[in-house]
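A.B. asks: I need the structure of the sequence given here:
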Amino acid sequence: MSSEMRADWVSAGEARDTVLAAVRPLARERVPLLSALGRVLAEELVSPLDLPPWDNSAMDGFAVRAADVHGASAAGPRELEVIDDVPAGAFPSRPLRPGTATRVMTGAPVPEGADTVIRVEHTDGGTMAGGVGRVRILSDQDAERNVRSRGEDLRTGERVLVPGTVLRPAEVGLAASLGRSQLSVVRRPVVGVLTSGDELVDVDGFAEALAGRKIVSSNTYTLAAQLAEAGAEPRLLGTAADSPQSLREHLRGAQGCDALITSAGISVGEHDYVRDVLREMELEVAFWRVRMRPGSPFAFGRIGALGGIPWFGLPGNPVSSMVTFELFVRPAVLRMSGRTAVFAPTVPVRLHADHPSRSRLTEFVRARVETGPGGEHLAAPTGAQGSNLLTSMARADALVVVPAESDGAAAGDRLTAILLGGAPLRAEAGY
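C.D. replies: Numbering: from 1, shown residues only. You can find the predicted model right below:
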């Protein structure tokens, strides 16, 4: 190992903190309302109206005065004159007088003087002819109920949503209620993805893989999927051959990206040229390696020739690539998207099987977490933990953290598991 690499062999915690300290939320942009789902709001929304804009009915039934229905029962009904019929979208034509009722539908405004809506099932259904009729009230259970007050949800001038809010379906609906067809949100990061290796082929060249001459570049697809899942826009730069010229040609496609991911090619092997080509592009490296398994050959820095954008140098092994993305790249992408909670949730677990190790590195064991008796979380490793075994990652829903200072872990040990694909995210790392 070179002295340069040895000096930059940082812990997983140091790598995480260094990466996050180097990224900031991107600029804002205006997007159509439905395109804002999952994005981070970059403006304050204030209500221009009361919601609901009028006192309205919470039920299909009859708007009445509570004083006229107290004591009503099936054995002793109260009979009222029906003086108006108000469907949803219409308005009352007259106020209530003592002894009268107005038929209303859910959401329709209630007439002046009404403080109650008796649902239809607590009446005889009423009779109407020419806009007037009679109704018998069979229960007073709804007295002083089922009227939704004007401004009950929002008042004019009220602060509704603040910058930094993650826009879920409810927030999108609120914005629509405020008349907003567009919203200002933090821009989605555009992240270039470059894989490299003479042995790799795209999925449309699968015939060569079947013939035993090539391997499909699964990292292209897992990384693109992970980026999309994190709310970023992946820009696939292809698979470069193991030559400086091919790498330079492919890296030109990263112009205009907000970040760059490369997979493989940063070791010190004879055909690992990514490091040298990126140095030609004014690479400033923060570190080259991380004291972890899988994923030790993970590097991070900035590329001056691309405007100083962050560079994530991921390992080539599929599991190592995915694990380092989850621990370091996903939080950074979420931070660039404007999120403050960027870390996956963690839970305490009891290990189901032995995991021997003498690596003296922090290990992230692929596992499935289930709830055992008494609500305790149990974690079972998903088989062999080789960094080339993508099936073990596909079976996993968590990464169990085995501390560096331990000689592995034994069945029954209590450890921490990082949940994959989980929500809600957290503002603090739990490992």
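
A.B. asks: tally of neighbours for Val135?
C.D. replies: 26 (other Cβ atoms under 10 Å). Yep, even glycine has a C-beta here, placed from its N, CA and C like the rest.

A.B. asks: And the helix or strand containing it, what's buried?
C.D. replies: Assigned by DSSP states H and E, Val135 belongs to strand 132-137. By neighbour count on 16 or more other Cβ atoms under 10 Å, the buried set for strand 132-137 is 133, 135-137.

A.B. asks: Dump these into CSV; add pLDDT as well.
C.D. replies: Shown next, in CSV, are those (pLDDT from 0 to 100):
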residue, pLDDT
Gly133, 95
Val135, 98
Arg136, 98
Ile137, 98
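
A.B. asks: could you give the mean pLDDT of stretch 19-28?
C.D. replies: The predicted model assigns stretch 19-28 a mean pLDDT of 98.

A.B. asks: Pick the one among the buried residues of strand 132-137 closest to Val319.
C.D. replies: Ile137 (69.1 Å; Cβ to Cβ).

A.B. asks: and the closest one, what is it in contact with?
C.D. replies: Counting by Cβ atoms under 8 Å, 6 or more residues apart in numbering, Ile137 makes contact with 62, 64, 69, 72, 77-80, 118, 122-123.

A.B. asks: Got a ChimeraX select line for the buried ones in the residues you listed?
C.D. replies: Only the buried entries of the contacts of Ile137 go into this ChimeraX selection, using 16+ other Cβ under 10 Å:
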select :62,64,69,72,77,78,80,118,122,123
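
A.B. asks: who touches the nearest residue to Leu200 once chain neighbours are set aside in this structure?
C.D. replies: Spatially, and ignoring its direct neighbours in sequence, Leu200 is nearest to Ser217 (4.2 Å; Cβ to Cβ, 6 or more residues apart in numbering). Shown in contact with Ser217 (Cβ under 8 Å, 6+ apart): 195, 197, 200-203, 239.

A.B. asks: now Ser217: how far from Val333?
C.D. replies: The spacing between Ser217 and Val333, counted by Cβ to Cβ, to the nearest Å, is 21 Å.

A.B. asks: Three-state assignment for Gly13, please.
C.D. replies: Three-state call for Gly13 (DSSP: H, G, I helix; E, B strand; the rest coil): helix.

A.B. asks: Could you measure from Asp84 over to Thr116?
C.D. replies: Distance from Asp84 to Thr116, by Cβ to Cβ: 15 Å.

A.B. asks: quick one: which of the two has more around it?
C.D. replies: Set Asp84 next to Thr116 and count neighbours by other Cβ under 10 Å: Thr116 wins out with 25 against 21.

A.B. asks: I'd say the more buried one and Arg65 touch.
C.D. replies: Yes. Counting by Cβ atoms under 8 Å, Thr116 does reach Arg65; the two are 6.9 Å apart.

A.B. asks: Backbone dihedrals for the residue nearest to Asp276 when sequence neighbours are not counted, both of them.
C.D. replies: Sequence neighbours aside, Pro244 is the residue nearest to Asp276 in space, at 6.7 Å (criterion: Cβ to Cβ, 6+ apart). Dihedral angles of Pro244 (phi, psi; degrees, to the nearest 10) stand at phi -60, psi -40.

A.B. asks: Kindly report the same for Ala129.
C.D. replies: phi -150, psi 120.

A.B. asks: Give the bridge partners for it, please.
C.D. replies: Beta-bridge partners recorded for Ala129 (DSSP bridges): Val132.

A.B. asks: residue ranges with poor pLDDT in the protein?
C.D. replies: 1-8, 268-271, 422-424 (pLDDT under 70).

A.B. asks: what distance separates the start and the end of stretch 291-305?
C.D. replies: 29 Å (Cα to Cα, to the nearest Å).

A.B. asks: swap that for stretch 236-253, sorry
C.D. replies: 9 Å.

A.B. asks: got a list of contacts for that stretch?
C.D. replies: 192-198, 200-202, 217, 220, 224, 235, 254, 260, 265, 271-274, 276-278, 280-281.

A.B. asks: for stretch 90-101, same thing?
C.D. replies: 62-65, 67-68, 80-84, 86, 102, 108-114, 118, 126, 135.

A.B. asks: any chance you could map the strands in the stretch 151-300 of the chain?
C.D. replies: 159-161, 182-186, 190-196, 200-201, 215-216, 233-240, 259-263, 283-287, 289-290, 292-293, 299-303 (DSSP state E, counting those that start in this stretch).

A.B. asks: out of those strands, nearest to Ala170?
C.D. replies: The nearest among the strands of the stretch 151-300 of the chain, by Cβ to Cβ, is strand 159-161 at 10.2 Å.

A.B. asks: neighbouring strands for the closest one, and are they parallel or not?
C.D. replies: For strand 159-161, pairing defined by DSSP bridges yields strand 45-46 (antiparallel).

A.B. asks: Which element is encountered next along the chain beyond the strand it pairs with?
C.D. replies: strand 56-57.

A.B. asks: Please identify which pair of the contacts of Ser217 lies farthest apart.
C.D. replies: Pairwise over these, using Cβ to Cβ, the maximum falls at Gly197 and Val203, 14.9 Å.

A.B. asks: Between these two, which is the more surrounded one?
C.D. replies: Taking other Cβ under 10 Å, Gly197 and Val203 do not tie; Gly197 has more neighbours (20 against 11).

A.B. asks: Verify the contact between the more buried one and Ala264 for me.
C.D. replies: Yes. Contact criterion Cβ under 8 Å: Gly197 and Ala264 qualify, at 5.5 Å.

A.B. asks: Show me the common contact partners of the two, please.
C.D. replies: In contact with both Gly197 and Ala264: Gly316, using Cβ under 8 Å, 6+ apart.

A.B. asks: From Met322, how far out is Ala396?
C.D. replies: 10 Å.

A.B. asks: Tell me which stretches of the stretch 301-431 of the chain form strands.
C.D. replies: Under DSSP E, counting those that start in this stretch, the stretch 301-431 of the chain gives strands at 309-314, 346-351, 362-371, 377-381, 398-402, 414-419.

A.B. asks: Need these in CSV (columns: distance to Leu210 and mean neighbour count).
C.D. replies: Below are the strands of the stretch 301-431 of the chain laid out as CSV (distance: least, Cβ to Cβ, whole Å; neighbours: other Cβ atoms under 10 Å):
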stretch, distance to Leu210, mean neighbour count
strand 309-314, 27, 24
strand 346-351, 39, 18
strand 362-371, 27, 21
strand 377-381, 31, 20
strand 398-402, 32, 25
strand 414-419, 36, 19
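
A.B. asks: Ok, which of those comes nearest Arg30?
C.D. replies: Using Cβ to Cβ, these put strand 309-314 closest to Arg30, at 23.4 Å.

A.B. asks: out of the contacts of Ile137, which are inside strands?
C.D. replies: Applying DSSP state E to those, the entries found in strands are 62, 64, 78-80, 118.
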